[in-house]
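> Predicted model and sequence below, questions to follow.
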Amino acid sequence: MNTVIGRFTMSYLRLSYAPAETSLFSPSALSFLVHRRKCCRRRLFSTFQCSASAKPKKEKVIVISGPTGAGKSRLALELAKKLNGEIISADSVQVYQGLDVGSAKPSTSERQEVPHHLIDILHPAEDYSAGNFYDDGRQATKDILNRGHVPIVTGGTGLYLRWFIYGKPDVPKATPEITLEVQSLLSDFVKNYDWDSAVKFVAKSGDPTAESLPSNDWYRLHRKLEIIKSTGLPPSAFPVPYDSFKGQKGSKSTNLDLDLDISTNLDEKEKEKEKDLDYEFICFFLSTSRTDLYRSIDFRCEDMISGGNGILSEAKWLLDLGLEPNSNSATRAIGYRQAMEYLLKCEEQGGRSSTREFYAFLSEFQKASR
């Protein structure tokens, strides 16, 4: 079924992946994929072409999004093998060295089979932002196209994908002087671990939405105050670029800021915001029934904590590096934050944990991953 919404053509398909002899970009590909539904595991793949009609013909970039456990990596790998593609990871955790289990990082053999980009490029003590990803992802895209290959961008970090497609919002970067001023204003709160008072301070400074930040998300709290001090305006005054991923009707957002319901209602003002995109983005949103998805996520979390080299081992390594939960990009990540907090609690109890405490940690991990 095809639906035209504004300048977007969205197709709702149940399919597996493109066969070797079929190009994803050819008309015959979609009919084959619809047919494949009869003999494959059922999963909803919603596709929509994100580019406006424009000439000359634009180079094609595939974007695969969806919630945790929907099968993004598998589809990206199969498409890359069949379309001479290279994969760009749009995952905020896979950029970090050593954080393999909790980020469901592609295996060594998979990365040898198909080139992957933006994986293992940073130490966990370093921060990484949507702006960093935009610059790195766009450069990787150019390099892949110059080699005559197909860029396949995949990941569950919705903000990364929005910026990658539509560009950065026009938020001014803080000067070194502003950064130092903000650090000084918040330093006492940080030293005293007084998150609640820091949030109230930033809210009174001009951004009430600070109260909705996750506890101890100091990085984003700093950034909010930097924007206020730089412009005299709250971050909400600088809307993100036009976004077909957002404002989706009647759906509940997942922790990855992507919605399971892809029906979209765009008003005229939103349509006017649409930019003339520089590539022809062919976008897939993967999903399945909420019950099946949650069950898959729960099993996935259990697998991640099993064995001696799971996410708990990686979280202990982060603590050994001197990092605190929720103190930077790596330690804010779902799974790692919960595991670090659980290990710190165990340490306070002399290295012991009750069965109830362990299952409480597992439940929190599973809930946050949905």
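Here it is on my side, so go on.
> Low-confidence ranges, the protein, go.
Applying pLDDT under 70 to the chain picks out residues 1-56, 240-275.
> Spatially central residue in it, please.
The chain has Thr157 as the residue nearest its centroid, 0.7 Å off, counting by C-alpha atoms, centre = their mean.
> Flag every buried residue along stretch 223-241.
Arg223, Lys224, Leu225, Glu226, Ile227, Ile228, Lys229, Ser230, Thr231, Pro234, Pro235, Val240 (16 or more other C-beta atoms under 10 Å). For the C-beta atoms, the positions are set from N, CA and C on the backbone; glycine is no exception.
> Distance from it to the middle of the chain?
Averaged C-alpha coordinates place stretch 223-241 at 22 Å from its chain's average position (C-alpha atoms, centre = their mean, to the nearest Å).
> Next: stretch 160-175.
Centroid displacement of stretch 160-175 relative to its chain, using C-alpha atoms, centre = their mean, is 15 Å.
> ok so, going back, now go through the buried residues of stretch 223-241 and say which are in helices.
Among these, the ones falling in helices (DSSP state H) are Arg223, Lys224, Leu225, Glu226, Ile227, Ile228, Lys229, Ser230, Thr231.
> For the second one, give me its contacts.
Put plainly, it is Lys224. Val202, Asp207, Thr209, Ala210, Leu213, Pro234, Pro235 (C-beta atoms under 8 Å, 6 or more residues apart in numbering).
> Switch those over to TSV; also include distance to Tyr166 and secondary structure.
TSV is the format used below for these (distance: C-beta to C-beta, whole Å; DSSP: H, G, I helix; E, B strand; the rest coil):
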residue	distance to Tyr166	secondary structure
Val202	27	helix
Asp207	23	coil
Thr209	21	helix
Ala210	25	helix
Leu213	24	coil
Pro234	21	coil
Pro235	17	helix
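> still on that earlier bit, nearest to Gly148, of the buried residues of stretch 223-241?
Val240 (32.5 Å; C-beta to C-beta).
> Buried ones in stretch 130-142, by neighbour count?
By neighbour count with 16+ other C-beta under 10 Å, stretch 130-142 contains the buried residues Ala130, Asn132, Phe133, Tyr134, Asp136, Gly137, Arg138, Ala140, Thr141.
> can you check stretch 348-360 too?
So, applying 16+ other C-beta under 10 Å, stretch 348-360 has no buried residues.
> What is the nearest of the ones in helices among the buried residues of stretch 223-241 to Gly322?
Once C-beta to C-beta is applied, the member of these that ends up nearest Gly322 is Arg223, at 22.7 Å.
> how much space is there between that closest one and Ala210?
Per C-beta to C-beta, to the nearest Å, Arg223 is found 10 Å from Ala210.
> tell me which of the buried residues of stretch 223-241 is nearest to Arg332?
Lowest distance from Arg332 to these (C-beta to C-beta) belongs to Arg223, with 12.8 Å.
> contacting residues for the residue nearest to the closest one when sequence neighbours are not counted?
Spatial nearest neighbour of Arg223, excluding adjacent residues (C-beta to C-beta, 6 or more residues apart in numbering): Pro235 at 7.7 Å. By C-beta under 8 Å, 6+ apart, the residues touching Pro235 are Val171, Asp207, Thr209, Arg223, Lys224, Ile227.
> right, and Asn309 touches Val101 too?
Yes. Judged on C-beta atoms under 8 Å, Asn309 makes contact with Val101 at a distance of 7.1 Å.
> the more surrounded of the two?
Each of Asn309 and Val101 has its neighbours counted (other C-beta atoms under 10 Å); Val101 has more, 21 against 10.
> contacting residues for the more buried one?
When contacts are counted by C-beta under 8 Å, 6+ apart, Val101 touches Met304, Asn309, Gly310, Ile311, Ser313, Glu314.
> okay, now Val150: neighbour count?
Val150, neighbours per other C-beta under 10 Å, totals 23.
> ok, back up a step: and of the buried residues of stretch 223-241, the nearest to Ala90?
Closest to Ala90 out of these is Val240 (15.5 Å), distances taken as C-beta to C-beta.
> separation between Thr157 and Ser92?
5 Å.
> what residues are shared contacts of these two?
Shared contacts of Thr157 and Ser92 (C-beta under 8 Å, 6+ apart): Phe133.
> returning to what we had before: could the buried residues of stretch 223-241 go into CSV alongside distance to Gly71?
Compiled in CSV, the buried residues of stretch 223-241 are given as follows (distance: C-beta to C-beta, whole Å):
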residue, distance to Gly71
Arg223, 33
Lys224, 35
Leu225, 40
Glu226, 38
Ile227, 37
Ile228, 41
Lys229, 44
Ser230, 41
Thr231, 41
Pro234, 38
Pro235, 34
Val240, 27
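> from these, which is closest to Ile88?
Once C-beta to C-beta is applied, the member of these that ends up nearest Ile88 is Val240, at 20.2 Å.
> Straight-line length of stretch 302-312, end to end?
Using C-alpha to C-alpha, to the nearest Å, the end-to-end distance of stretch 302-312 comes out at 11 Å.
> Hmm, I typed the wrong one, I wanted stretch 300-316.
One end of stretch 300-316 sits 20 Å from the other (C-alpha to C-alpha).
> now that stretch, how far from the centre of its chain.
21 Å.
> What are the buried residues along it?
Neighbour-count burial for stretch 300-316 [16+ other C-beta under 10 Å]: Cys301, Met304, Ile305, Gly310, Ile311, Leu312, Glu314, Ala315.
> hmm, back to that, so which of the contacts of Lys224 is the most crowded?
Val202 (25 neighbours).
> For it, list the residues it contacts.
For Val202, the contacting residues are Ala210, Leu221, Lys224, Leu225, Ile228, by C-beta under 8 Å, 6+ apart.
> which residue sits closest to it in space, ignoring its chain neighbours?
Nearest one to Val202, counting by C-beta to C-beta, 6+ apart, is Ala210 at 4.1 Å.
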